[in-house]
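Visitor: pasting the sequence and the predicted coordinates here, then a few questions.
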Amino acid sequence: MSDQDFRLLEPLIDLRPKPISTMVRGLEATLAPRTRAYVSELLQPLRNVTDISPAREALIANDPYFIGASYSRLRFDLDEVVANLEVLMAMPGESLMQWDGAGVAPIVVSSGHEAERATYADAYPASSALVRRVKDVFAAIMDGPAYGAIVAGGTRRLALAPNCVGSSSISSLPGYSMVGVGEEARFDNPQVNGLIHEAVHGIMFLAECATGRQLVHETGRAPIVSPWSGNPLDPYQFVQALVVWHVLLSYWDEADPDSDERRRAAKGFRDAQGDRGAQRVLDAIEENVDPAFLAILRACDEASAARA
């Protein structure tokens, strides 16, 4: 990734396992040294008063909050830094999820309805039973190794939200996913959808950190209507959504072709009347998109329209 180009995201086009894994490892190799140096400096005053194991330090350096801070994607004060350090230093081992390979992510429970910094350090560790459910879901996702690599590479902290539906993430906390699990902590298709959905966002947020560039140039144009949900989106949200829905269509096409999730993903690329909604929107905003990323978006759209 020496050219610092968005071409590093090309494996998201055809979703072959080995290229996806290589992309994830490349992101980690680029991001890790800077984040670890940042965390090491923060921890230095604590080293004389507490024992910080290498595993604990690696967990902290892998955290979305500290990745976001080290790459200046968020503004913070000392209280926020201390609060997030305290949460991670106290995280029990049974609340950590070992993804495929070396990746580890804390699984927490949050009362928040959306991923946001205000609730980030207020979450509490998930029970071992909840972590086991996440492990079962991840094992099923790993039936398609490319999707397992996406979840492992794009999820650095997973917050489960009881009494909430849907999922969310935030660009200033790259790798933070919040998934609503309802009162009974369900992990059905909607939760699997949310886990993959937010991990794709996480990978793109992490890629922006790695390249030091933004997917979309700032624009004051009127909101776009999403061809998938009908909700208003700005151009940045739309290009993120296009890649997310491309990955989800590919996943559900393999995992459950008759699912509502598959139909919802397909309709934005080609609906029942043959309308190419995503292509139409992309044509309208292409001048605002980073050229290296635009080619990837075009390829994702074409692949998904053919599959739809």
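Guide: The structure has been received and is ready for your questions.

Visitor: from here on, contacts and neighbour counts on C-alpha atoms
Guide: Noted.

Visitor: how about Gly212, what does it touch?
Guide: Gln4 (C-alpha atoms under 8 Å, 6 or more residues apart in numbering).

Visitor: where's it relative to Arg73, distance?
Guide: Per C-alpha to C-alpha, to the nearest Å, Gly212 is found 10 Å from Arg73.

Visitor: how about low-confidence regions in this structure?
Guide: 1-3, 101-102, 218-220 (pLDDT under 70).

Visitor: where exactly do the strands run in it?
Guide: Ranges of strands in the chain, per DSSP state E, are 96-98, 104-109, 124-125, 157-161, 167-169, 176-180, 224-225, 232-233.

Visitor: redo those as TSV? Include distance to Gly202.
Guide: Formatted as TSV, these follow (distance: least, C-alpha to C-alpha, whole Å):
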stretch	distance to Gly202
strand 96-98	17
strand 104-109	13
strand 124-125	21
strand 157-161	10
strand 167-169	8
strand 176-180	7
strand 224-225	22
strand 232-233	18
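
Visitor: for Asp258, find the nearest of those.
Guide: strand 167-169 (22.0 Å; C-alpha to C-alpha).

Visitor: save the strands of the chain as TSV, and put in mean neighbour count and distance to Leu43 too.
Guide: Shown next, in TSV, are those (neighbours: other C-alpha atoms under 10 Å; distance: least, C-alpha to C-alpha, whole Å):
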stretch	mean neighbour count	distance to Leu43
strand 96-98	19	21
strand 104-109	23	19
strand 124-125	20	22
strand 157-161	26	20
strand 167-169	22	27
strand 176-180	29	22
strand 224-225	16	44
strand 232-233	15	39
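
Visitor: and Phe138, which of these is closest to it?
Guide: Among these, strand 96-98 sits nearest to Phe138 (C-alpha to C-alpha), with 9.9 Å.

Visitor: list the helices and strands that closest one packs on?
Guide: Packing contacts for strand 96-98, counted by 3 or more C-alpha pairs under 8 Å, 6 or more residues apart in numbering; DSSP states H and E, involve strand 104-109, helix 128-141.

Visitor: can you rerun that using 7 Å?
Guide: Packing partners of strand 96-98 (3 or more C-alpha pairs under 7 Å, 6 or more residues apart in numbering; DSSP states H and E): strand 104-109.

Visitor: what lies in contact with the strand it packs on?
Guide: Contact partners of strand 104-109, identified using C-alpha atoms under 7 Å, 6 or more residues apart in numbering, comprise 95-98, 123-126, 131, 156-161.

Visitor: in CSV, list the C-alpha atoms belonging to that strand.
Guide: Listed next in CSV are the C-alpha coordinates belonging to strand 104-109 (Å, rounded to 0.1, in the frame of the first residue of the first chain):
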residue,chain,number,x,y,z
VAL,A,104,-9.6,-9.8,18.9
ALA,A,105,-12.6,-7.5,19.6
PRO,A,106,-14.4,-6.7,22.9
ILE,A,107,-18.1,-7.6,22.9
VAL,A,108,-20.0,-5.0,25.0
VAL,A,109,-23.6,-4.3,25.8
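
Visitor: and the angle for that strand with strand 176-180?
Guide: 40 degrees (axes from the mean of the first three to the mean of the last three C-alpha atoms, to 10 degrees).

Visitor: returning to what we had before: what's the closest of the strands of the chain to His197?
Guide: Short answer: strand 167-169, nearest of the strands of the chain by C-alpha to C-alpha, at 8.1 Å.

Visitor: which of the strands of the chain sits closest to Ala308?
Guide: Once the strands of the chain are compared by C-alpha to C-alpha, strand 224-225 is nearest, at 19.6 Å.
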